[in-house]
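In: Next comes the sequence, and after it the predicted model I'd like to discuss.
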Amino acid sequence: MNTPERQFSEASFAKAKLLQDAIYREDAELWEALRQHRDEIRHYFLQIGQELVVDDAEGFAFLRQFEMEGDERIPRLSQRRKLGYDATLLLVCLREEYCRFDSSAGDSTRLVRSRQEVHTLVASFLRETNNQVKDVKAVDTAIQRLVELGFVRQNSSGDRDDFEIMRIVKARITPSELEAVRDRLLHHGQSGT
């Protein structure tokens, strides 16, 4: 069975990418398509309960599920899943690391940390246990969860122990949310509950 050849618009590729992951300025063609067809793309996702969030200054765009109050039904593309203590803790620590990174005078536009540096970021918030292997595994599992969610990328230059912290972390946790979550996590870690 022969199917006719189809030409897909530039906007179609940007829509497909947004359904999978964020689009960054470095994704040159997709970023440009998003900018040129922003209204069309925004309207498309509004119809299915998604908000297109574009941060031109930081150079990223992603979808956020609308949350309605009351009895109004809204279509959902994915289920909400809680991150769990360790992944939430890591996400908050990475957001704080971005605050420090942004305020430093460095020339780099990418925040890259080694696996050991990531472990060190969360170490002071972890509950003390007598099983260091279990603790390391818990943080490694949290790292992998954030990789799956697109907050962290493993370095593609061959060093599998380096991770790029993606700028979208800044959009997912605002400075005020950061402080509130950090306080809750600190209390949670100290109480052992």
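Out: Nice, thanks for sending it over.
In: neighbours of the closest residue to Trp31 other than its chain neighbours, just the number please.
Out: Using C-beta to C-beta, 6 or more residues apart in numbering and skipping the chain neighbours, the partner closest in space to Trp31 is Arg25 (5.1 Å). To be clear about C-beta, it is placed using only N, CA and C from the backbone, and glycine gets the same treatment. Applying other C-beta atoms under 10 Å, we find 18 residues neighbouring Arg25.
In: same thing with Leu18?
Out: 21.
In: Does it touch Phe45 like I think?
Out: Yes: at 7.3 Å, Leu18 counts as touching Phe45 under the criterion of C-beta atoms under 8 Å.
In: list the residues that contact both of the two?
Out: 52, 63 (C-beta atoms under 8 Å, 6 or more residues apart in numbering).
In: contacting residues around the longest helix along the chain?
Out: The single longest helix within the chain, with elements called by DSSP state H, is helix 85-103. With contact meaning C-beta under 8 Å, 6+ apart, helix 85-103 is reached by 83, 111, 113, 118, 121-122, 125-126, 138-139, 141-143, 145-146, 151-152, 165, 167, 169-170, 172-173, 175, 178, 181-182, 185, 188-189.
In: Report the residue ranges of every domain in the protein.
Out: 10-65, 85-191 (automatic domain parsing).
In: tell me how far the ends of the first one are from each other?
Out: End-to-end distance of domain 10-65: 23 Å, with C-alpha to C-alpha, to the nearest Å as the criterion.
In: if I pick the residue nearest to Trp31, what's in contact with it?
Out: 31, 59-60 are the contacts of Arg25 under C-beta under 8 Å, 6+ apart.
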